[in-house]
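[1] Need coordinates for the following:
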Amino acid sequence: MKLEQTASQGIALTSERLFLFVIASSVFVTTFTGSMINVLLPLIRSEFLATTAQIGWIATGYSLAYAIGVPLYGRISDLFGLRIVFIFGLIGFILGGLLCSIAPNLLVLVIGRIIQGAGGAAVPSLGSVAVAKVLPPESRGGALGMVAAMVGVGSSVGPIVGGLIGSYLGWRLLFIVSLLLMAIIIPLAQRILPNLTSEGDRRFDLIGSISLGVGAGLFLFGITQAQGQGFDHWSSWGSFIVALISLGLFVWRINTVAYPFVSPKLFKRPSYVAVLIVGFTNMLCYSAALIFIPLLLIEVNQLEARSAGFALTAGALAMAISSPFLGKLSDRVGVRLPIQIGTLIYILVLIGFASFAGASPFIIGFFVMLMGMGGAFISPANNSAAANALTRAELGGGMGLVTGISFLGGGAGAALIGAFLAARQNIDSPALLPYYAYNAPAYSDSFLAILLIVIIGLIASFWVSNKRYQAD
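    Here you go, the predicted structure:
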């Protein structure tokens, strides 16, 4: 039975498994590639004799292309078809990786990473769109849980494999490994994925899409610059101003053109707006913790970078193991309860981080593991909630926007909490928690700052609906 014939009614079990294999494998390869390269930046820096700022563009270039592409791919797939656009993204990922593997200098390597990021952005964006379009609502949670599990597996395996292969065989081989893995997936995607298009207006608002992409990219660029130069540097605040203008143009376009990128009616649906807020706060919390837990363990506990990384592995493995099971929970009990349970776990974890910052690394590792489980509750359920809040014709643009907002939340977390931590370290005062008994008060208060943002997500979750949206 072909997926095209059954996408609106569910698919045969064998086809469903193959479909999930293609989506989950693609997510694994992109996540694996991103996490394995970051651990080898010092090796690349030594080879090209680059400065810290210059080498940072290997990650920044990828992230900028990713930020621009993620919200756009879903809507583009409405026009040209899910399978065609997905495979186009995978080919871009391969070509970028190939360029990186043969890069004679840093400039070519950064260009390759930008191409790889632009292609790789199709995977998280269209992965959730594909699940929402192809699988029936009662199967989405489990499928999205499997996708979230691959994020955990890729994040945990990537640094280990990257460190081993990169140290002994060189960093270039890592790009070859990832592009070979993706090359295996392409013929499977060609055979398995349906080439679904939108059932609604297929005209494309080019100006609106460009303004959204530029706004998202410059917002992330401003945050990246703020991490190195500070928020008062012209490259940071200038990027924010242009991003604000660009996003203002996007808002104007969706309210005035006959065929907007996404319908302005979406932002009048409380459940959809709540999903955007939960996605943003969830990724902000998780990404900020991924960065500041290793810093805490290295700076305060005096661990080596390699040892500090194992604390994050515990969280990634917890997410990988629990996501497939917890994803199915939303299929049985609805989407709101898992989101709220996961958010409450985040709150518990952040209180734990704030209370024990500077304590034994094993205690910190335990809370990181709990954080991974919290993410396993939230991520699949929130994506299912997004699909429930959209009509079938709105899935491409609507799901793409949810993924893009979540990605921006992850980018914002590092800079905002980093700025808070830097300012707090200049103040010689005890931690806000009266019972705090360790020697890292700045980190303790920084985790409390993240807690306030997560509480916003918890409040928003009460507007997430368990019911599917019915068009008027």
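[2] Which helix or strand contains Trp407?
    Heads up, residue 407 is Phe, not Trp. helix 395-425 (DSSP states H and E).
[3] Can you give me the pLDDT of Gln5?
    The predicted structure scores Gln5 at 43 on the pLDDT scale.
[4] May I have stretch 210-219 as CSV, with CA atoms only?
    Output of stretch 210-219 as CSV, limited to C-alpha atoms (Å, rounded to 0.1, in the frame of the first residue of the first chain):
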residue,chain,number,x,y,z
ILE,A,210,12.6,36.1,2.9
SER,A,211,11.7,38.5,5.7
LEU,A,212,11.0,35.6,8.1
GLY,A,213,14.3,33.9,7.2
VAL,A,214,16.3,37.1,7.4
GLY,A,215,14.7,38.0,10.7
ALA,A,216,15.4,34.6,12.3
GLY,A,217,19.0,34.5,11.0
LEU,A,218,19.9,38.0,12.2
PHE,A,219,18.3,37.4,15.6
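[5] Tell me the confidence at Arg202?
    pLDDT, read off for Arg202, is 61.
[6] let's have the chain start at 52 instead
    Sure, I'll start counting at 52 from here, so that last one is Arg253.
[7] so where's this protein shaky on pLDDT?
    Across the chain, the ranges flagged by pLDDT under 70 are 52-65, 89-90, 103-104, 207, 247-255, 278-279, 356-360, 520-523.
[8] which other helices and strands contact the helix or strand harbouring Arg304?
    Using DSSP H and E, Arg304 falls within helix 285-307. Secondary-structure packing of helix 285-307 (3 or more CB pairs under 8 Å, 6 or more residues apart in numbering; DSSP states H and E): helix 257-280. Any C-beta I mention is one placed from the backbone N, CA and C, and that applies to glycine too.
[9] From the chain's centroid, how far away is the helix it packs on?
    In terms of CA atoms, centre = their mean, to the nearest Å, the centre of helix 257-280 is set 16 Å apart from its chain centre.
[10] Give the other helices and strands that that helix contacts.
    helix 108-131, helix 285-307, helix 446-476.
[11] How about the contacts made by the nearest residue to Thr82 once chain neighbours are set aside?
    The shortest distance from Thr82 to any non-neighbouring residue, by CB to CB, 6 or more residues apart in numbering, is to Gly205 (3.0 Å). Each residue near Gly205 by CB atoms under 8 Å, 6 or more residues apart in numbering is listed here: Val78, Phe79, Val80, Thr81, Thr82, Phe83, Gly85, Ser86.
[12] Now which of these would you call buried?
    Val78, Phe79, Val80, Thr81, Thr82, Phe83, Gly85, Ser86 (16 or more other CB atoms under 10 Å).
[13] Quick check: the first one touching Val204?
    Okay, so that is Val78. No: between Val78 and Val204 there is no contact under CB atoms under 8 Å: 9.2 Å.
[14] and the residue most central in space within the chain, what does it touch?
    Centrality entry for the chain: nearest residue to the mean C-alpha point is Phe458, 4.4 Å, by CA atoms, centre = their mean. For Phe458, the contact set (CB under 8 Å, 6+ apart) comprises Tyr117, Ala118, Val121, Pro175, Met334.
[15] Check those against Leu232 and report the nearest one.
    Pro175 (16.7 Å; CB to CB).
[16] helices or strands next to the helix or strand hosting Arg134 in the packing?
    Element membership for Arg134 (DSSP H and E) is helix 133-152. With contacts taken as 3+ CB pairs under 8 Å, 6+ apart, helix 133-152 sits against helix 64-89, helix 108-131, helix 157-171, helix 173-185, helix 223-243.
[17] Pull out the buried residues from the helix holding Arg304.
    In helix 285-307, counting by 16+ other CB under 10 Å, buried: Ser287, Ser290, Phe291, Val293, Ala294, Ser297, Leu298, Leu300, Phe301, Val302, Arg304, Ile305.
[18] tell me the domain ranges of the chain?
    Following automatic domain parsing, one gets these domains for the chain: 62-249, 256-309, 316-523.
[19] Do me a favour and get the end-to-end distance for the second one?
    This stretch, domain 256-309, spans 9 Å end to end (CA to CA, to the nearest Å).
[20] Off-centre distance for it?
    19 Å.
[21] what's the answer for the last one, then?
    Centre-to-centre, domain 316-523 and its host chain are 11 Å apart (CA atoms, centre = their mean).
[22] Go through the buried residues of helix 285-307 and name the one nearest Leu472.
    Ser287 (16.9 Å).
[23] quick one on the thing from earlier: in JSON lines: the helices and strands packed on helix 257-280, plus distance to Arg320.
    Shown next, in JSON lines, are those (distance: least, CB to CB, whole Å):
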{"stretch": "helix 108-131", "distance to Arg320": "17"}
{"stretch": "helix 285-307", "distance to Arg320": "14"}
{"stretch": "helix 446-476", "distance to Arg320": "10"}
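[24] now for the ones you listed, which one comes closest to Leu348?
    helix 446-476 (14.3 Å).
[25] In the closest one, which residues are buried?
    For helix 446-476, using 16+ other CB under 10 Å, the buried residues are 446-472, 475.
[26] Stretch 150-168 now?
    Across stretch 150-168, burial judged by 16+ other CB under 10 Å covers 150-152, 154, 157, 160-161, 163-168.
[27] Repeat that for stretch 496-509.
    Asp496, Ser497, Phe498, Leu499, Ala500, Ile501, Leu502, Ile504, Val505, Gly508, Leu509.
[28] From those residues, pick the one nearest Leu346.
    Ser497 (10.0 Å).
[29] ok, the closest one touching Phe343?
    Yes: with contact defined as CB under 8 Å, Ser497 counts as touching Phe343 (6.6 Å).
[30] Which residues are in contact with each of the two?
    Ile468, Leu472.
[31] Report the separation between the residue lying closest to Ala438 once chain neighbours are set aside and Arg126.
    Excluding the flanking residues, the one nearest Ala438 by CB to CB, 6+ apart is Ala183, at 3.8 Å. In this view, Ala183 and Arg126 are 14 Å apart by CB to CB, to the nearest Å.
[32] now Gly508: how far from Leu298?
    Taken as CB to CB, the span from Gly508 to Leu298 is 21 Å.
[33] now do Leu483
    34 Å.
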